[in-house]
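K.L.:
For reference, the sequence and a predicted model appear below.
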Amino acid sequence: MLHPKRRIRPAALERGSSDVAALIDTYYNAYNAARLREACQTFARMIDAGATIGVSIAGALTPAGLSSVLVPLMRAGFIDYISSTGANLYHDLHFDLGLPLYRGMPEVASGAHDVALRKEGIIRVYDVLFPADVLYKTDEWLYRVMMAPEFGKRMSGSELHHLIGKYALATAKKTGAAKPSLLAAAHDLDLPIWVASPGDSTIGLNLSAIYTADPERGPHLDPSADVMEMSALVLDAKRKADGLSGVLIFGGGAPKNFLLQTEPQLQEILGVAEKGHDYFIQITDARPDTGGLSGATPAEAVSWGKIDPDKLPDTVVAYLDSTVAMPLMASYVLARCQPRKPRRLYKRLPAMVDALRTEYRKTELYARYWGSPATAAPAPAKKNSAASSGRGKKGRP
């Protein structure tokens, strides 16, 4: 079943196709094809308008090799920050380590061969197959990386991923990987990545194993710092002259909400005057009528303050498999849009957090809980330091 010719290792999608873009613009005129065309065109407008763009990814996208689509978008400056499942980050590390994943035959997806696969030590992700040893080798690499002294402290998820990315980038160079993983590329670009549910992945399982062995050692993740950092980033994007914020959502779940909840955090919890994201694109196969988050529409998001109500015309939902939509959308914008200079927002997080704290301390909600800012405000964090974003603090959470 694991034939070398079926190994998954697509080359990075470095160039877009004007033919693909023309095909979408000309022939995708109705139904979900039209929604995909609108999503492509809105993504291009978002880029050309200079919006700060956050992308969320859910579902098993990296085992299918789709970081080969996302990394070129990051390098082109079309993605500024990411909200992901931990699983997508973890499984992408296999490629840095030179470990093989394979396309399965159609009958494998039915589940009829799962008992045989178990006996042969083969893991299945729908129709993607790989030896169980891929997991064990990745676990050992990750465990040893996170035992390095620089991980032995309290930190935000963005710092954890930035540090892992440093080692992933070095490993990818050593193994000769044709394309670095999301974490490796993000480190190189100083692009922040957050995971809404860090315990819900094999990265989290390895973190827990270290904690089980030595609760004092670290790394100790601070989810409050994650919420604060991403909210500060979005506020920074909106406070610039003609500042715009856009979100591109592949799938749904926790990564989607983590990307969108920045606006309720600013408006509802902190009392900061804001109106919501300016652009919203979602690729999903989930229905809204079951009440699930993954199917929630941009109109519903307006009721929460997540989307600016004046910007509803710049929202699109395409009911489509992300594995179909993502390469087409990437090819479209890589052909239609000029590259943007990477914003390197990870480096700016401490200053952004300081700006958020300053603005929060001026609000009525702050005064309600903390009293007068002049008498009750904690000492401000030092500028351009790890502490100002909640990073670098030792001790248990």
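P.N.:
Perfect, thanks for sending it. Residues are numbered from 1 along each chain as shown.

K.L.:
which residues of this structure fall in strands?
P.N.:
For the chain, applying DSSP state E gives strands covering 52-57, 81-84, 102-103, 122-125, 128-131, 154-155, 193-195, 220-221, 245-250, 279-284, 315-319.

K.L.:
Now render the ones you listed as CSV, adding distance to residue 335 and mean neighbour count.
P.N.:
Yep, even glycine has a C-beta here, placed from its N, CA and C like the rest. Listed next are these as CSV, based on distance: least, C-beta to C-beta, whole Å; neighbours: other C-beta atoms under 10 Å:
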stretch, distance to residue 335, mean neighbour count
strand 52-57, 17, 26
strand 81-84, 23, 28
strand 102-103, 27, 19
strand 122-125, 30, 17
strand 128-131, 28, 21
strand 154-155, 39, 24
strand 193-195, 26, 27
strand 220-221, 39, 21
strand 245-250, 17, 26
strand 279-284, 18, 26
strand 315-319, 19, 21
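
K.L.:
Of all these, which one is nearest residue 72?
P.N.:
Residue 72 lies closest, by C-beta to C-beta, to one member of those: strand 52-57, at 12.9 Å.

K.L.:
helices and strands around the closest one, which ones?
P.N.:
helix 67-75, strand 81-84, helix 223-239, strand 245-250, helix 253-260 (3 or more C-beta pairs under 8 Å, 6 or more residues apart in numbering; DSSP states H and E).

K.L.:
okay if I get the strands of the chain as JSON lines plus mean pLDDT?
P.N.:
Listed next are these as JSON lines, based on pLDDT from 0 to 100:
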{"stretch": "strand 52-57", "mean pLDDT": "97"}
{"stretch": "strand 81-84", "mean pLDDT": "98"}
{"stretch": "strand 102-103", "mean pLDDT": "93"}
{"stretch": "strand 122-125", "mean pLDDT": "91"}
{"stretch": "strand 128-131", "mean pLDDT": "93"}
{"stretch": "strand 154-155", "mean pLDDT": "96"}
{"stretch": "strand 193-195", "mean pLDDT": "97"}
{"stretch": "strand 220-221", "mean pLDDT": "94"}
{"stretch": "strand 245-250", "mean pLDDT": "94"}
{"stretch": "strand 279-284", "mean pLDDT": "92"}
{"stretch": "strand 315-319", "mean pLDDT": "89"}
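
K.L.:
low pLDDT regions in the protein?
P.N.:
287, 289-299, 301-307, 311-314, 373-397 (pLDDT under 70).

K.L.:
related to what we said a few turns ago, any idea which of the strands of the chain gets closest to residue 91?
P.N.:
Using C-beta to C-beta, the nearest of these to residue 91 is strand 122-125, at 7.9 Å.

K.L.:
Can you name the residues that contact the nearest residue to residue 343 once chain neighbours are set aside?
P.N.:
Of all residues not flanking residue 343 in the chain, residue 80 sits nearest, at 5.2 Å (C-beta to C-beta, 6 or more residues apart in numbering). By C-beta atoms under 8 Å, 6 or more residues apart in numbering, residue 80 lies in contact with 52, 53, 54, 191, 343, 345.

K.L.:
Number of residues surrounding the closest residue in space to residue 14 that isn't next to it in sequence?
P.N.:
Spatial nearest neighbour of residue 14, chain neighbours left out: residue 72 (5.4 Å); criterion: C-beta to C-beta, 6+ apart. Residues near residue 72, counting by other C-beta atoms under 10 Å, number 23.

K.L.:
How about residue 340?
P.N.:
15.

K.L.:
wait, residue 63 sits on residue 129?
P.N.:
No. Residue 63 lies out of contact with residue 129 (C-beta atoms under 8 Å); the separation is 9.6 Å.

K.L.:
Overlap of the contact sets of these two?
P.N.:
For the pair residue 63 and residue 129, residues contacting each of them under the criterion C-beta under 8 Å, 6+ apart are residue 101.

K.L.:
before we move on, the earlier item: export the strands of the chain to TSV and tack on distance to residue 30?
P.N.:
Listed next are these as TSV, based on distance: least, C-beta to C-beta, whole Å:
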stretch	distance to residue 30
strand 52-57	27
strand 81-84	32
strand 102-103	32
strand 122-125	33
strand 128-131	32
strand 154-155	49
strand 193-195	36
strand 220-221	46
strand 245-250	23
strand 279-284	18
strand 315-319	13
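
K.L.:
before we move on, the earlier item: give me every residue that touches the residue nearest to residue 14.
P.N.:
12, 13, 14, 330, 334.

K.L.:
Need the buried ones from the residues you listed selected in PyMOL.
P.N.:
With 16 or more other C-beta atoms under 10 Å as the criterion, this PyMOL line picks the buried residues out of the contacts of residue 72:
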select buried, resi 12+13+330+334
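
K.L.:
Which member of the contacts of residue 72 is positioned nearest residue 241?
P.N.:
Closest to residue 241, out of all of these and judged by C-beta to C-beta, is residue 334, at 27.7 Å.

K.L.:
And that closest one, how close does it get to residue 172?
P.N.:
From residue 334 across to residue 172, the span is 22 Å (C-beta to C-beta, to the nearest Å).

K.L.:
Burial check on residue 11, number of neighbours?
P.N.:
Residue 11 has 10 nearby residues by other C-beta under 10 Å.

K.L.:
shift numbering so it begins at 51
P.N.:
That works, and once the first residue is 51, the last one we named lands at residue 61.

K.L.:
in terms of contact, does it touch residue 115 like I think?
P.N.:
No. Taking contacts as C-beta under 8 Å, residue 61 lies outside contact range of residue 115: 9.7 Å.
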